[in-house]
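J.: Got a predicted structure plus its sequence, pasted below:
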Amino acid sequence: MALFRAIETVRPSHKRLFADPYAAIFLDDGLKRVIRLSTLPFIGSLIPKIIQSKGPGALSSGIARTKYIDDLLYQTIRDGVKQVIILGAGFDTRALRLDFLHSVPVIEIDHPDTAKFKIDKLKEALGQLPQNVSYFQTDFNKQSLEELASDHHLDRNIPTTIIWEGVTNYLTQQAFDKTLEFVEQFAIGSYVIFTYIDKLVLGNPQLFTGAEKVFKNLMKNEESWTLGFKPEALSGYLARFHLVLLDDLGAAEYRERYMPDRKGISKGYEFYRVAFAARQERRRQKHETSGRDVQRDSGRQHLLPKLAAGR
């Protein structure tokens, strides 16, 4: 993702979706050369095509979803959120590159190895860490989010947006549920933005363009995806944790929204999705399914017009 964001950043300013001037600092020398090549007239046009051939849809999906999550986050800040938490932050630099976050407390939570690498690179590049960002380090095999929150006296009484990107497909069902239980403890008016994969791809990758190649690449890296959800069942599942689903888009949809002109790299990764949910008390209704639909529609009417206006 750091590579993808760096590639987008060197595009002409009138064509790029966002600028992440910090993404390249996390890349090794070989990938930094790729970024430099991306700026050349002819070779630069080949880079996205080469990436597309190796991981169909990964580049365009990653870029479009970055912009989509940025926009969702902006609207939650406008809606009154006072704190942002990024779970499994990795090389996310939203706290640095998004002006509207500079006056908002941001808490990044990650494994100590990743966090230390990131902190060292930021200090090297910036001289000092941003004052509004706290870097919490934890090994989730040894410490729960609940324990971490208690140790750091995390304030769960103020509206908070929690970003959880690129993580859930590596989890167990129990770990996913535990995290939603953590989200559930935050104040009414809080939000969670998270990525997930369509459950169908786990058993039937051949149904999605390029998915079989993605799974082969995961095996080469000794990685595996373990968890997915049926999109049509997600709203009901989140309702168990007092979360109301406001929006849920797949890669094809958020690519069409943000980059309809980049057809050459927009095939693949249709199984990858972004969900956006609000922390609210559920209304008690005679028909549970109907009640969830009412809340979801209400949430969309409340927040999504702002998103459209923001674009």
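T.: Perfect, thanks for sending it. Numbers count the residues shown, from 1 in each chain.
J.: Please count neighbours and contacts with C-alpha atoms only from this point.
T.: OK.
J.: Just give the closest residue to Q52, not the sequence neighbours.
T.: When the adjacent residues along the chain are set aside, Q52 lies closest to I265, with 6.0 Å between them (Cα to Cα, 6 or more residues apart in numbering).
J.: residues contacting that neighbour?
T.: 48-49, 52, 56-57, 59-60 (Cα atoms under 8 Å, 6 or more residues apart in numbering).
J.: Same list (these) but as JSON lines, adding secondary structure.
T.: Below are these laid out as JSON lines (DSSP: H, G, I helix; E, B strand; the rest coil):
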{"residue": "P48", "secondary structure": "helix"}
{"residue": "K49", "secondary structure": "helix"}
{"residue": "Q52", "secondary structure": "helix"}
{"residue": "P56", "secondary structure": "coil"}
{"residue": "G57", "secondary structure": "coil"}
{"residue": "L59", "secondary structure": "helix"}
{"residue": "S60", "secondary structure": "helix"}
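J.: top of the residues you listed by neighbour count?
T.: S60 (29 neighbours; other Cα atoms under 10 Å).
J.: gap between the closest residue to L59 other than its chain neighbours and R255?
T.: Excluding its sequence neighbours, the residue lying closest to L59 (Cα to Cα, 6+ apart) is F4, at 6.0 Å. Using Cα to Cα, to the nearest Å, F4 is found at 14 Å from R255.
J.: Which secondary structure element is home to I163?
T.: strand 160-164 (DSSP states H and E).
J.: Average pLDDT for that strand, rounded please.
T.: The pLDDT scores in strand 160-164 average 98.
J.: residues making contact with it?
T.: Contacts for strand 160-164 (Cα under 8 Å, 6+ apart): 73, 76, 81-89, 183, 186-187, 189-195.
J.: strand partners of that strand, parallel vs antiparallel please.
T.: strand 83-87 (parallel), strand 191-197 (parallel) (DSSP bridges).
J.: And the average pLDDT for the next helix or strand after the first one is what?
T.: When you say that, I think you mean strand 83-87. With elements assigned by DSSP H and E, the helix or strand that comes after strand 83-87 is helix 94-97. Across helix 94-97, the average pLDDT comes to 97.
J.: what does helix 94-97 rub up against?
T.: Everything outside helix 94-97 that qualifies as a contact, by Cα under 8 Å, 6+ apart, is 19-22, 70, 101-102, 106, 130, 133.
J.: and the next element down the chain from that helix?
T.: strand 106-110.
J.: Can you spell out which helices and strands pack onto that next one?
T.: strand 83-87, strand 133-137 (3 or more Cα pairs under 8 Å, 6 or more residues apart in numbering; DSSP states H and E).
J.: can you list contacts of the first one?
T.: Going back to what we said before, that points to strand 83-87. Against strand 83-87 from outside (Cα under 8 Å, 6+ apart): 104-110, 158-165.
J.: That one vs strand 106-110, what angle?
T.: 10 degrees (axes from the mean of the first three to the mean of the last three Cα atoms, to 10 degrees).
J.: What angle do strand 133-137 and strand 83-87 make with each other?
T.: Using the same axes, to 10 degrees: strand 83-87 against strand 133-137 is 30 degrees.
J.: hang on, Q185 packs against D155?
T.: No: applying Cα atoms under 8 Å as the test, Q185 and D155 come out as separate, 10.2 Å apart.
J.: ok, which stretches of the stretch 201-311 of the chain are strands?
T.: 243-250, 272-279 (DSSP state E, counting those that start in this stretch).
J.: looking at those strands, which is closest to S38?
T.: Smallest distance to S38 across those (Cα to Cα): 25.6 Å, for strand 272-279.
J.: A187 in helix, strand or coil?
T.: Per three-state DSSP, A187 ends up coil.
J.: For burial, what's the neighbour tally of it?
T.: So A187, with other Cα under 10 Å, has 16 neighbours.
J.: Flag the helix or strand of this protein with the lowest per-element mean pLDDT.
T.: Sorted by mean pLDDT, DSSP states H and E, the helices and strands of the chain end with helix 288-310, the least confident at a mean of 47.
J.: follow-up on the earlier one: can I get the strands of the stretch 201-311 of the chain in JSON lines with distance to D29?
T.: Below are the strands of the stretch 201-311 of the chain laid out as JSON lines (distance: least, Cα to Cα, whole Å):
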{"stretch": "strand 243-250", "distance to D29": "33"}
{"stretch": "strand 272-279", "distance to D29": "29"}
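J.: Would you mind saying which of these lies nearest L200?
T.: Nearest of those (Cα to Cα): strand 272-279, 11.0 Å.
J.: just to revisit the earlier point, among the contacts of strand 83-87, which one sits closest to T138?
T.: D110 (6.1 Å).
J.: Excluding chain neighbours, give the residue nearest to that closest one in space.
T.: G88 (4.7 Å).
J.: The one you found against D113, yeah?
T.: No: between G88 and D113 there is no contact under Cα under 8 Å: 11.7 Å.
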